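> Model the following, please.
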Amino acid sequence: MKNQEPPYKILSNIPEIVLMDLVGSMPNPTTQGRKKLQEWLGLPMRLSITDGRILVGIFCCTDREANILLTSCELLSKKEDSQDSQFMGTVLVTSKHIVSICVDQPQPSNN
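Reported below is the predicted structural model:
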C-alpha cells in the first residue's frame, strides 16, 4: 500500500507575509503537537466532561483555546446498572468542561 497524503490539511488563517513579519521567517508548521493532532483527525474520541457525562464521536477539529469539535457524537450516561446512549450529532465542547480525553488509535498493520 502506498503512503497517501491525508485528505485534510491544517491551515492558518494568518497570511504568510504577516507571519514572516512576526517571527522573521516562516514558522515550522509541523510541530510535535500539530503532528499528533493531525494523527487524531477522523479518529474516535471519548471525552469525559465535568458533569460526569461521556461524549463519544469523531475528532473533527480544535482551536487555540483547546475547544474540541466532535461529529457523529453520542452522549453516554450511566444509570444504576445500565448505560444510556443518545445521538447528539455535531458537538462543540469547551475546554473548561473537558476532564479527560481518550483517542482510539488504529492498530498498526503487520504487512
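
> buried ones in the strand or helix carrying residue 88?
Assigned by DSSP states H and E, residue 88 belongs to strand 82-93. Neighbour-count burial for strand 82-93 flags 91, 93 (criterion: 16 or more other CB atoms under 10 Å). In short, each C-beta sits where N, CA and C put it, glycine included.

> tell me what it is packed against?
Strand 82-93 sits against strand 54-62, strand 68-79, with contacts defined as 3 or more CB pairs under 8 Å, 6 or more residues apart in numbering; DSSP states H and E.

> and the gap between the closest residue to residue 59 other than its chain neighbours and residue 93?
Of all residues beyond its chain neighbours, the one nearest residue 59 is residue 45 (4.2 Å), with distances taken as CB to CB, 6 or more residues apart in numbering. Per CB to CB, to the nearest Å, residue 45 is found 10 Å from residue 93.

> can you list residues touching both of those two?
Both residue 45 and residue 93 are contacted by 68, 70, under the criterion CB atoms under 8 Å, 6 or more residues apart in numbering.
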